[in-house]
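# predicted model follows, preceded by the sequence.
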Amino acid sequence: MATFGTLSDRLTETFRNLRKKGQLTPADVDGTVREIRRALLDADVALPVVKEFTAAIRERALGDEVNRALNPAQQVVQIVNDELIGILGGQQRRLQFAKNPPTVIMLAGLQGSGKTTFAGKLAKMLEKDGHTPLLVACDLQRPNAVNQLQVVAERAGATIYAPEPGNGVGDPVKVARDGVAHATRHQHDIVIIDTAGRLGVDAELMKQASDIRKATQPDEVLFVIDAMIGQDAVNTAKAFQDGVDFTGVVLSKLDGDARGGAALSVASVTGRPIIFASTGEGLDDVEPFHPDRMASRILDLGDILTLIEQAQSAFDEAEAMAVAEKLATETFTLEDFLQQMQQMKKMGSMKKMLGMLPGMGNMKQQLEDFDEREIDRTEAIIRSMTLVERRNPKILNGSRRLRIARGSGMTVTDVNQLVQRFDQAAKMMKTVARGGVPNIPGMGPVGGKPGASSKRGKQQKAKGSRSGNPAKRAAENAGIAAAAPATGSGFGLGGQAAPSEADLAELQKMLGRG
């Protein structure tokens with residue numbers, strides 16, 4: 001959700017200053033409302049929406065509900081959260097399906113807004129729910145638009161109806177009408193019509209979209225809008241509402257780095273709900289839009305429900321129970337660890353998942369520095385091991401580690417660090433599985449004093465290689481000697497500096513021990 005990152009930072013900082021006050025005065029409320037107004041305007045939220053939003057916050061913040069609250073600062077955060085949910089549309093709105101199939105879904109929007117890609121994403125999402133969507137190529141003007149939809153449909157595993165080559169050839173209204181008839185004959189229960197766009201709003205664009213709507217009588221008209229186009233988002237939305245009218249909004253490119261606040265204004269200005277949010281270029285990077293969850297993300301309160309839903313869709317319940325049993329009985333191996341990593345990769349980007357945790361806005365730099373490829377490197381190292389080595393890492397001597405390093409394209413040091421981190425992570429997970437307090441490497445017990453010394457004895461001196469080959473003996477000795485205490489995450493390869501007291505305090509707060 002990089003699009004709203006700046007807005008989230010500004011609001012989080014405002015509330016952080018507010019929490020330092022035990023009792024709020026009218027001056028404190030006015031100062032907070034002023035900072036919220038600046039944050040929203042800097043994020044390109046439409047001025048009428050900002051005025052209505054801040055007026056509602058000020059009225060409620062000065063009312064009895066805050067004056068009587070045990071924690072006024074938290075009550076103001078709750079008020080902002082409620083009002084933010086309001087401008088995002090309030091309740092979640094799902095797709096409306098026709099009583100008699102096929103359900104016709106028409107996509108509208110400017111050129112470059114992401115309509116064609118979203119058509120493939122929507123088709124793939126609906127197929128997972130047991131539907132049989134048909135993509136209809138009605139963008140016959142943009143160069144190679146039909147070919148692009150064909151490629152997207154192939155990647156999504158969806159059927160496409162494209163009788164015309166496009167590139168200025170063909171009648172889009174006729175193709176749309178024939179596409180619905182084709183879906184009826186071939187028992188497709190959903191039709192997704194990809195229409196043409198323009199670089200800007202014009203009469204020809206609106207007439208063509210309006211004619212397609214009249215010819216197909218769609219059950220849903222989804223307006224796809226680029227979250228990064230700034231204040232022009234509101235004007236474009238109003239133009240499409242007047243010229244074509246739409247039943248719902250799709251926010252695309254929410255993974256961009258623009259301010260994107262104008263997209264927040266669309267639901268409030270047009271009165272039409274946001275139904276989907278597109279968060280990346282992959283065909284799985286789309287999710288139903290939940291106003292309450294999006295508000296929580298913007299306010300850095302996390303989105304645990306979406307994280308749980310993604311985990312439930314990626315993880316098998318029986319496998320999860322088996323892993324829990326192995327953790328409790330201390331039989332968790334590198335082979336199990338590899339299977340868990342593969343399951344996690346199905347959930348999508350690790351950065352996105354970590355970003356859904358509450359309070360992660362304070363660790364933005366650590367998230368930015370996280371390298372997704374470290375998981376692939378870790379997987380390469382484990383795959384270079386034999387089955388026996390995965391199940392019993394204790395047998396990994398110098399020669400075995402050297403072979404694994406060469407097989408995975410990594411260094412012996414990387415292999416050593418992975419083994420040590422696995423041991424540390426396994427011990428932490430065993431402790432948690434038994435209901436204990438985890439001991440984080442380099443930090444001591446969670447909730448304990450930072451820098452607490454370990455009571456372990458001195459490390460045993462590593463035995464040297466006894467190989468008669470001098471070159472091999474030197475290489476094996478180097479592999480054993482390189483096994484220095486690893487730093488960093490329990491699952492990555494890159495070393496990290498020891499956490500500061502501020503980082504530890506933040507971690508304790510996230511774990512509910514602050």
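Sure thing, it's come through.
# what are the phi and psi values at the nearest residue to residue 342 once chain neighbours are set aside?
Sequence neighbours aside, residue 379 is the residue nearest to residue 342 in space, at 7.6 Å (criterion: Cβ to Cβ, 6 or more residues apart in numbering). For every residue, glycine as well, the C-beta is placed using N, CA and C. With angles defined as degrees, to the nearest 10, residue 379 sits at phi -60, psi -40.
# one more: residue 104?
Residue 104 has phi and psi values of phi -100, psi 120 when expressed as degrees, to the nearest 10.
# for the one 3 residues further on, same thing?
Residue 107 has phi and psi values of phi -100, psi 130 when expressed as degrees, to the nearest 10.
# assess the claim that it and residue 121 are in contact.
No - counting by Cβ atoms under 8 Å, residue 107 stays clear of residue 121, with 11.0 Å between them.
# circling back: tell me, how many residues neighbour the residue nearest to residue 342?
By other Cβ atoms under 10 Å, the residues close to residue 379 number 16.
# and residue 215, by the same measure?
Using other Cβ under 10 Å, residue 215 has 17 other residues around it.
# contacts only, for it.
By Cβ atoms under 8 Å, 6 or more residues apart in numbering, the contact set of residue 215 is 173, 176, 177.
# of residue 107 and residue 121, which one has the most company?
Set residue 107 next to residue 121 and count neighbours by other Cβ under 10 Å: residue 107 wins out with 28 against 25.
# is that one bridged to anything, and to what?
Residue 107 has the following beta-bridge partners by DSSP bridges: residue 194, residue 222.
# now what about stretch 105-115, what contacts it?
Residues contacting stretch 105-115 (Cβ under 8 Å, 6+ apart): 95, 118-119, 122, 139, 142, 176, 190-201, 209, 212-213, 216, 218-226, 236, 240, 244, 246, 250, 252-253, 278.
# got the CA positions of the helix or strand hosting residue 8 in CSV?
Assigned by DSSP states H and E, residue 8 falls within helix 5-19. Taking Å, rounded to 0.1, in the frame of the first residue of the first chain, the C-alpha atoms of helix 5-19 are listed here in CSV:
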residue,chain,number,x,y,z
GLY,A,5,2.5,5.7,2.6
THR,A,6,3.1,9.4,3.0
LEU,A,7,-0.5,10.0,4.3
SER,A,8,-0.1,7.2,6.7
ASP,A,9,3.2,8.6,8.0
ARG,A,10,1.8,12.1,8.5
LEU,A,11,-1.3,10.8,10.4
THR,A,12,0.7,8.4,12.5
GLU,A,13,3.1,11.2,13.6
THR,A,14,0.1,13.5,14.4
PHE,A,15,-1.4,10.8,16.7
ARG,A,16,1.9,10.1,18.3
ASN,A,17,2.1,13.7,19.5
LEU,A,18,-1.5,13.5,20.6
ARG,A,19,-0.9,10.4,22.8
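# give me the subset of the contacts of stretch 105-115 that lies in strands.
If you go by DSSP state E, those have 190-194, 220-226, 250, 252, 278 in strands.
# nearest to residue 399 among those residues?
residue 278 (50.0 Å; Cβ to Cβ).
# residue contacts, the closest one?
Residues in contact with residue 278, defined by Cβ under 8 Å, 6+ apart, are 114, 117, 118, 121, 250, 251, 252, 253, 254, 285, 286.
# which stretches in the stretch 1-150 of the chain count as strands?
With DSSP state E, counting those that start in this stretch as the criterion, the stretch 1-150 of the chain has strands at 103-108, 133-137.
# go through those and name the closest to residue 154.
Closest approach to residue 154 among the strands of the stretch 1-150 of the chain is made by strand 133-137 (10.4 Å; Cβ to Cβ).
# on that earlier part again, out of the contacts of residue 278, which is nearest to residue 399?
For these, the nearest to residue 399 is residue 285 (43.7 Å; Cβ to Cβ).
# quick one: the helices in the stretch 1-150 of the chain, in order.
Using DSSP state H, counting those that start in this stretch, the helices of the stretch 1-150 of the chain run over 5-19, 26-42, 47-61, 64-67, 72-87, 115-128, 145-156.
# having no further points to raise, I will conclude here.
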